[in-house]
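>>> Would you be able to build a 3D model of this:
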Amino acid sequence: MAAAPTEAAPASTPAASDGPAADIAAPPFYFATLLVVACVGATHEAQVVVPALYLGEASSLDRTLPLFTTIGAAALGVALGRQRFARPFPALCPSLAWAALTTAASAPLAFFAFGKGLAMAPLLSLHALAFGSAHGLALTLSARALSRTLYRLDAPWRLANPFRLLALVIGAGVAAGVASVVGPLRATLGIALVELAVALWVPNIHRHLEGRTFARAREQSLLAGSLIVLGFMLFAGYERLIPTAELHRHPNPIIHRRETPAARYSVTSGQEGFELFVNDHLRVSTLDERRYFEALVQPVMAAARSRARVLVLGGGTGLAEREVLRHADVVELVVVGVDRALPDLARKQRWLSQRSDGALDSGRLRFVEREPIVFVNETTESFDVIVADLPDPSGYAEGKYFTRYFYRKLAERLAPGGVFVVQALSPLSLPKTFADVLATLRAAGLETRPYQAAVPTLGVSGFVLAHHARLEGDLARALPYLSGATQLDLEYLAKDLVPKTVGSASTLHDQSVVDSFHREFR
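Modelled structure (predicted):
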C-alpha cells in the first residue's frame, strides 16, 4: 500500500523566511547604517566644527566656503564612483581608508597651520576638496555594493524598528557630546577610526553576501588594520599636544597650544572670537582687549610729564605695546618678558598680529627676555612711564610683583615726573586684594590714584597709578572705547568698589596679598 502523499510546506512561511532573511540582512544593514552615521559625523566635525573654530573672525563666505566645497567635491566623488569602477566591493575598502585619512587630517592640519599663521580659509577649502570627493566616492561605492542586496532582503523594513532607531539617535547624540568635550583633534581622529573599522569590515561583508573573497582582500584588511593601530598611536601624540587634563580648564575648545620651559600658551575659540591663556590665566580676548589695554596704558601715558622712554613689564602680546606706540613722542619702548616665545607667537598668530598694528616689529621697541623683578633690580636705566601688567598673585612666585620691595624698585626706575601703573585685580570681586595692593603702594612711599574699567571677560578691572608727586593730567583722554570719557569716568569708584577694610602691606617675606587673593578668588 502506497504511503499517502504529505502536503508540501508553503514556499514562504514566517518561520522559514523571516528569521533567516533577517539574519542575512543584519550585517549589511548595520554596515550601511554605521557608514552613513560615520560620514555624517565626519562632515559635521571636519567641515562645520573645525572651520567654525579656526575661522571665527573670518567673513561669512570664508566660514561657509569649506562646506560648500565639500558638497561640490562630493558630487565629483559620486560621479567617479558611478562611472569609474566596474566592481564596487574591491574599491570600497581603499576609498573608505582615504576618507578616514581626510577626516583625521582636518583638525591637525588646521592646528599647525593656525600656529604658523597661514591663511586658513583657502587651506581648509583645499582640504574640503579632498574630503568631499573621498566621502562621495565611498558612499557611492557602498550604495552600489549593497543597495540591491538590502532591497532584495527587505532589510530596512525588517530592521528599522523604533527601538533600533532610538538606539541610533541616542548613540549619535552621545557621540556628538563626547566630540564636543574631547576637542577637535581627538574628535576627528575618533570618527576616522570608526570609518577605518567600517573599511576593515568590507571583506567580511563581501564574503557574507557572496560566499567568497575578492582579490587583495587580505591586503586591504591589513591596510585598514594598520591605519587603526596608527590612529591609536596618534591619540598618544595628541596627549602631548593638548593634555586631556587641560581640556576642562577652559570654557571653549583649545585650537592651538604651545609649551616652553617658561610658560604654557593656549588659544581657545568660541562664538565671540579667540582667547589667549598664559599658564591658564586669560591674557587676551578679542571680545574686549581694547577696553583692557586702553584702560591700562592710556591713563598713565596721559598723566606722565614726558613719554620719551617707556617700560612695559609683562608685555609681549603686542597690545599694550600698540597703545604705547600710538604716541609719536615715544622714543624708546622697552618690553620685558620671561619668554621670547610669547612675542614670537603673537607675530605668527594672525588674529593677534593684525590687532597689534605691527607694534612688535617697530624700530622703537626693544624686547628683553628676563624676569621683570630681576630686570628692574639690575638695570640703571630710568623711564618716564612704567606699565606693570603682571600675573595675578595666585602664588608666591607671582606675589613678589605685588610687594613693597618691587614697588620701591619701580619707583627708583622712574625719571623725574615719571608715573607707573599696575594692574590691581578687581575692586568688586577681590576687594581685600585690591585694598592690599593700595596699602602696599602707599607703604612704598608712593602717591596712588586708583581707577577701574569694565571689561566683560574679566569683570570690573582695577588699576592704580603710582607716582612721587601729585598728578594734574586728564587720565581718560584718547580712549576710543569710552566715547567722550572724562577723568571721573575712570576714577569714580562706586560704593561697592570702595574697599571696606584696610589693606595690609605685602612684603617679600610676608605676602599678604597672596593670602587675600586665595580667600577671595572663586
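
>>> from here on, contacts and neighbour counts on C-alpha atoms
Noted.

>>> Could you look up the SS state of residue 301?
helix (DSSP: H, G, I helix; E, B strand; the rest coil).

>>> what sits against it?
307, 324, 385 (CA atoms under 8 Å, 6 or more residues apart in numbering).

>>> Quick check: residue 355 vs residue 423, distance?
21 Å (CA to CA, to the nearest Å).

>>> Looking at these two, which is more packed in?
A direct count of neighbours by other CA atoms under 10 Å for residue 355 and residue 423 places residue 423 higher, at 24 against 17.

>>> Give the next helix or strand downstream of whichever helix or strand residue 399 is part of.
Assigned by DSSP states H and E, residue 399 falls within helix 396-399. Sequence-wise, the next helix or strand downstream of helix 396-399 (DSSP H and E) is helix 404-412.

>>> So what touches the helix or strand following that following helix?
Per DSSP H and E, the first helix or strand lying C-terminal to helix 404-412 is strand 414-423. For strand 414-423, contacts defined as CA under 8 Å, 6+ apart pick out 296-297, 300, 303-306, 382-390, 410-411, 461-469.

>>> Weed out the non-buried ones from those.
296-297, 300, 303-306, 382-390, 410-411, 461-468 (16 or more other CA atoms under 10 Å).

>>> In helices, which of these fall?
296, 297, 300, 303, 410, 411 (DSSP state H).

>>> Run through the residues that contact the third one.
Yep, that's residue 300 we're talking about. 385, 387, 419, 420, 421, 465, 475.

>>> pLDDT score for residue 521?
Predicted confidence (pLDDT) for residue 521: 78.

>>> repeat for residue 456
Looking at residue 456, the pLDDT reads 86.

>>> Pop out the phi and psi values for residue 337.
phi -140, psi 160 (degrees, to the nearest 10).

>>> Test my guess that it contacts residue 368.
Yes - checked against CA atoms under 8 Å, the pair residue 337 and residue 368 is within contact range at 6.4 Å.

>>> So those two - more neighbours on which side?
residue 337 (21 against 17).

>>> Outline the domain layout of this structure.
17-240, 286-520 (automatic domain parsing).

>>> for those domains, which one sits closest to residue 277?
Closest to residue 277 of the domains of the chain is domain 286-520 (CA to CA; 10.9 Å).

>>> Between its first and last residues, how far does that closest one reach?
From its first residue to its last, domain 286-520 covers 27 Å (CA to CA).

>>> Take the contacts of residue 300 and lay them out in TSV including pLDDT.
Compiled in TSV, those are given as follows (pLDDT from 0 to 100):
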residue	pLDDT
385	97
387	98
419	95
420	96
421	97
465	94
475	48
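
>>> Quick one: those as CSV, columns for distance to residue 134 too.
CSV is the format used below for those (distance: CA to CA, whole Å):
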residue, distance to residue 134
385, 59
387, 54
419, 63
420, 60
421, 57
465, 61
475, 60
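
>>> Go through the residues you listed and say which is closest to residue 142.
Closest to residue 142, out of all of those and judged by CA to CA, is residue 387, at 63.8 Å.

>>> Give the buried residues for the helix or strand containing residue 218.
Here residue 218 sits within helix 217-241, counting by DSSP H and E. Using 16+ other CA under 10 Å as the test for burial, helix 217-241 gives 217, 220, 221, 223, 224, 225, 227, 228, 231, 234.

>>> For the fifth one, which non-adjacent residue is spatially closest?
Nearest residue to residue 224, sequence neighbours excluded (CA to CA, 6 or more residues apart in numbering): residue 200, at 5.4 Å.

>>> What residues does residue 505 make contact with?
Applying CA under 8 Å, 6+ apart, the residues contacting residue 505 are 403, 404, 436, 437, 439, 440, 441, 443, 512, 513.

>>> ok, the last one touching residue 431?
When you say that, I think you mean residue 513. No - if you go by CA under 8 Å, residue 513 and residue 431 don't touch, sitting 11.1 Å apart.

>>> In the protein, where is pLDDT below threshold?
1-24, 150-165, 168, 272, 469-500, 522 (pLDDT under 70).

>>> From residue 304, how far off is residue 310?
10 Å.

>>> Name the residues contacting each of the two.
With CA under 8 Å, 6+ apart as the test, residue 310 and residue 304 both reach 384, 385.

>>> Now do the buried residues in stretch 261-280.
264, 265, 266, 267, 268, 269, 273, 274, 275, 276, 277, 278.

>>> Looking at these, point me to the pair that's furthest apart.
264 and 273 (20.2 Å).

>>> if we can go back for a sec, point out the other helices and strands that whichever helix or strand comes after the helix holding residue 218 packs with.
Following helix 217-241 in sequence order, the next helix or strand is helix 244-247 (DSSP H and E). If you count contacts as 3 or more CA pairs under 8 Å, 6 or more residues apart in numbering; DSSP states H and E, helix 244-247 packs onto helix 162-210.

>>> Who are the packing partners of the helix it packs on?
helix 19-44, helix 88-116, helix 217-241, helix 244-247.

>>> Could you single out the most deeply buried of those helices?
Among those, helix 88-116 has the highest mean neighbour count (mean count of other CA atoms under 10 Å), at a mean of 23.

>>> what's the angle from whatever helix or strand comes next after it to helix 19-44?
Per DSSP H and E, the first helix or strand lying C-terminal to helix 88-116 is helix 120-152. Here the directions of helix 120-152 and helix 19-44 differ by 170 degrees (axes from the mean of the first three to the mean of the last three CA atoms, to 10 degrees).

>>> Next, the angle helix 162-210 makes with helix 120-152.
Using the same axes, to 10 degrees: helix 120-152 against helix 162-210 is 80 degrees.

>>> Tell me which other helices or strands helix 120-152 touches.
helix 19-44, helix 50-54, helix 60-83, helix 88-116.

>>> so how far is that helix off the chain centroid?
29 Å (CA atoms, centre = their mean, to the nearest Å).

>>> now swap in stretch 370-390 and tell me
32 Å.

>>> likewise stretch 451-462?
On CA atoms, centre = their mean, the centre of stretch 451-462 falls 24 Å from that of its chain.

>>> Also stretch 320-335?
Relative to its parent chain, stretch 320-335 has a centroid offset of 30 Å by CA atoms, centre = their mean.

>>> Same question for it: list its buried residues.
Neighbour counts over stretch 320-335 (16+ other CA under 10 Å) mark 320, 321, 322, 323, 324, 325, 330, 332, 333, 334, 335 as buried.

>>> pretty sure the fifth one is touching residue 295, no?
No - assessed by CA under 8 Å, residue 324 is found out of contact with residue 295, at 11.7 Å.

>>> ok, how many other residues are close to residue 210?
Neighbours around residue 210, by other CA under 10 Å: 10.

>>> Distance of it relative to residue 28?
12 Å.

>>> Likewise for residue 351?
Taken as CA to CA, the span from residue 351 to residue 28 is 48 Å.

>>> Give me the residues contacting stretch 257-277.
For stretch 257-277, the external contacting residues (CA under 8 Å, 6+ apart) are 53-54, 56-57, 241-242, 250, 252-256, 278-280, 282-287, 338-339, 341, 351.

>>> Stretch 372-388 too?
With contacts defined as CA under 8 Å, 6+ apart, stretch 372-388 is touched by 296-297, 300-301, 304-314, 336-338, 401, 406, 409-410, 412-423.

>>> let's see 7 Å
Stretch 372-388 is contacted from outside by 297, 301, 304, 306-314, 336-337, 406, 409-410, 413-415, 418-423, using CA atoms under 7 Å, 6 or more residues apart in numbering.

>>> same thing with stretch 511-522?
Residues contacting stretch 511-522 (CA under 7 Å, 6+ apart): 393, 394, 395, 396, 399, 403, 430, 432, 433, 436, 504, 506.
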